[in-house]
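1. Quick one: sequence plus predicted model below, questions after.
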Amino acid sequence: MLFTAFIFIVVFFFISAEILREISKLFKISTVTYGKSLIVVLISLVILFTVAIIAKVGGVQLGWPISIVEFSISYFVFFYLYKRYYQASYGKITGIYFVGLILSVILILVVWAVISPFLQELAGPADQIRQTISKDYIASDVETISTTPPGVVWGSRQSTIFSISDNPIFKQYGYNKPQIIKGNQVSAIPNNSATLFVVPTINRYGGDKPLEGYATSSVMVFSKDLSIFKVIPLLPQMDAYEPLALAWLGDRFIFVNNRNSYIQSADYGNHFYIMDTTLDNPVFGAIETPDDLKKGDYIYPTLYSHPSKQIAAISYCLITVQLYDSHYCGQGGVSVVTPQKIVEIIRKNNQDTFDVGWDSNNMYVRETDQKTNIQTIYVSSLAQYID
C-alpha cells in the first residue's frame, strides 16, 4: 500500500509540473521553465500537506472552515511563488491556479486508471488476495430471503450483572476505579447454559502503568458463585488500551478479538484467539483468520453467540472513511466463527450496517441501507460449519 501511494505521488508530481508549465505558456507567461514549475508544485504541496497534518494532529475539527483555510493557504502560497518567479498579473496567476486545479483532478483520475494494473502486477500474493477479496462478496451458500421466519433470535447475548461490593475479587483486576466502573457492577457474558461467565480484566485508564499487573489482554472466567475463578492471558500478551470483544461458542469455547496497533510486527492489529475452558490449564491460542481481518486499524467488531451451538458470528468495518469531523464505515462484512476458524460470508463496499440472528439450523444476516432504511435478509445453513 505504501509503495502504491509513493509511485502515485511521484508520477502526479512530475506530470503536474509539466501541466503547470503548459498552462503558463497558454497564459503567455514568459521565461517559463520546467524547473521553476517543479519548485512551485513541490512547495505548494508540502505546505498544503503540512497544514492538513497540523490540523489533524492538533485535533482541529471544524469541517468546511478548516478546508477553506487550507484552500486559501494553498492559493496564497502559489500566488507568492508565481509572482516571485514570473512577475505575472493577479488575473493571470488566479486563472492559472484554477485551471491547474481542475486539470489536477482530471490528472489524478487518469494516472490512477493507468498505473493501477501495473501496481497490481507488482503487488505480492497477499496484496493480490486482499485486492480481490475487497470487492463485494457473498458466499455461494448464502441466499436472500424476503421475510424472516418466526423464532429467529437477533442481537448479541445479554450480559449478567455482578455486584462488585458483593464480589470484591473483581477489584484485584482493575475494577476498582470509579472513573471506569459505573454503578458498582461488572457485566459478564454467560455461556449457553449460564454455568460460566467471562469478562476482561481492565488495564490502563489515563496512565501508563498496568493496574494490578494485569493487562487488558487477559480474561476472567468464573462460575456464578465464584467457586471457579481463573485469570487467563492471551498469547502473546499485549498491553493494549482498547477493550476486548468477547463471545462464547457454546459452553466450552471463548472467542476474543483484541486490537493493539502499537505492536509494530508483521501480524499486529486485530488479534483473534480461541480457548477451550474444559482443559485443565486453559490457554488462548490462534485461530485461522482471513488476511483482511489482520489489520492495524479499528474494525469495530460486534460478536453474536448462537443460543445453543458452538458457533458465533462477527460483524465489522474494514475501511473507515473520514469525512471532515466525522467518519463512517465504507466497507463492512460478516464472518462465521467456529472453534477452528473464521470464515467470511459477506463483504459490502457501502455504508450499510449488519446484525445477526439465529434459529436452530440457520444464521441470518440483516443488512440495513443507512440512506433508505431498506433491509435485505440473508440466510446461511449452519450444517457446513458445525462438525
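-> Yep, that arrived.

2. drop to CA atoms for contacts and neighbour counts, all remaining ones
-> Fine.

3. least trustworthy helix or strand in this protein by mean pLDDT?
-> helix 125-133 (a mean of 42; mean pLDDT, DSSP states H and E).

4. And the next helix or strand past that one?
-> strand 137-138 (DSSP states H and E).

5. Other residues contacting whatever helix or strand comes next after that next one?
-> Sequence-wise, the next helix or strand downstream of strand 137-138 (DSSP H and E) is strand 143-145. Residues outside strand 143-145 that contact it (C-alpha atoms under 8 Å, 6 or more residues apart in numbering) are 376-380.

6. Now stretch 312-322: buried residues?
-> 312-320 (16 or more other C-alpha atoms under 10 Å).

7. Please read the previous query as pertaining to stretch 72-86.
-> For stretch 72-86, the neighbour count (16+ other C-alpha under 10 Å) marks 73-75, 77-79, 81-82 as buried.

8. Helices along the stretch 1-150 of the chain, start to end?
-> Listed in chain order, the helices of the stretch 1-150 of the chain (DSSP state H, counting those that start in this stretch) span 2-26, 34-57, 64-86, 90-122, 125-133.

9. In contact with the nearest residue to P200 once chain neighbours are set aside, which residues?
-> Using C-alpha to C-alpha, 6 or more residues apart in numbering and skipping the chain neighbours, the partner closest in space to P200 is V219 (4.1 Å). Contact partners of V219, counting by C-alpha under 8 Å, 6+ apart, are 198-201, 231-234.

10. same thing but 7 Å
-> 198-201, 231-233 (C-alpha atoms under 7 Å, 6 or more residues apart in numbering).

11. From I254, how far off is T338?
-> 10 Å (C-alpha to C-alpha, to the nearest Å).

12. got the contact list for V221?
-> 196-199, 229-231.

13. and if you look at Q351?
-> Q351 neighbours (C-alpha under 7 Å, 6+ apart): 328-331, 370.

14. Would you format the contacts of V221 as a markdown table with distance to G151 included?
-> Listed next are the contacts of V221 as a markdown table, based on distance: C-alpha to C-alpha, whole Å:
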| residue | distance to G151 |
| --- | --- |
| L196 | 26 |
| F197 | 25 |
| V198 | 27 |
| V199 | 29 |
| F229 | 35 |
| K230 | 35 |
| V231 | 36 |
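
15. could you flag which of the residues you listed are buried?
-> 196-199, 229-231.

16. Just those residues: which are in strands?
-> Per DSSP state E, strands hold the following members of the buried ones among the contacts of V221: 197-199, 229-231.

17. ok, how many other residues are close to I108?
-> Neighbour count for I108, taken as other C-alpha atoms under 10 Å: 15.

18. Leaving out sequence neighbours, find the closest residue to it.
-> The shortest distance from I108 to any non-neighbouring residue, by C-alpha to C-alpha, 6+ apart, is to F12 (6.9 Å).

19. Please apply the same query to G333.
-> G333 sits nearest to R347 (C-alpha to C-alpha, 6+ apart), 4.2 Å away.

20. Tell me the helices and strands packed up against the one helix or strand the one you found maps to.
-> In this structure, R347 is located in strand 342-348 according to DSSP H and E. Applying 3 or more C-alpha pairs under 7 Å, 6 or more residues apart in numbering; DSSP states H and E, one finds that strand 342-348 makes contact with strand 137-138, strand 326-337.

21. In contact with the nearest residue to T33 once chain neighbours are set aside: list those residues for me.
-> Counting by C-alpha to C-alpha, 6+ apart, T33 lies nearest to R21, which is 6.7 Å off, once chain neighbours are set aside. Counting by C-alpha under 7 Å, 6+ apart, R21 makes contact with 32-34, 37.

22. cool, and P200?
-> 216, 218-220, 244.

23. Which pLDDT value does the model give it?
-> Looking at P200, its pLDDT is 85.

24. Number the chain from 40, please
-> Okay, residue one is now 40; in that scheme the one you just asked about reads as P239.

25. Please export the C-alpha coordinates of stretch 145-152 as CSV.
-> Extracted in CSV, the C-alpha atoms of stretch 145-152 (Å, rounded to 0.1, in the frame of the first residue of the first chain):
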residue,chain,number,x,y,z
ILE,A,145,-8.6,15.0,-14.0
LEU,A,146,-4.9,14.0,-13.9
ILE,A,147,-5.4,12.1,-10.6
LEU,A,148,-8.2,10.0,-12.2
VAL,A,149,-6.3,9.4,-15.4
VAL,A,150,-3.0,8.5,-13.7
TRP,A,151,-4.7,6.1,-11.2
ALA,A,152,-6.5,4.4,-14.1
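
26. returning to that earlier point: which one of the contacts of R60 sits in the busiest neighbourhood?
-> S76 (22 neighbours).

27. That one reaches L59, doesn't it?
-> Yes - with contacts counted by C-alpha atoms under 7 Å, S76 reaches L59, the gap being 6.3 Å.

28. quick one: low-confidence parts of the stretch 90-239 of the chain?
-> 91, 94-106, 150-151, 153-173, 216-222 (pLDDT under 70).
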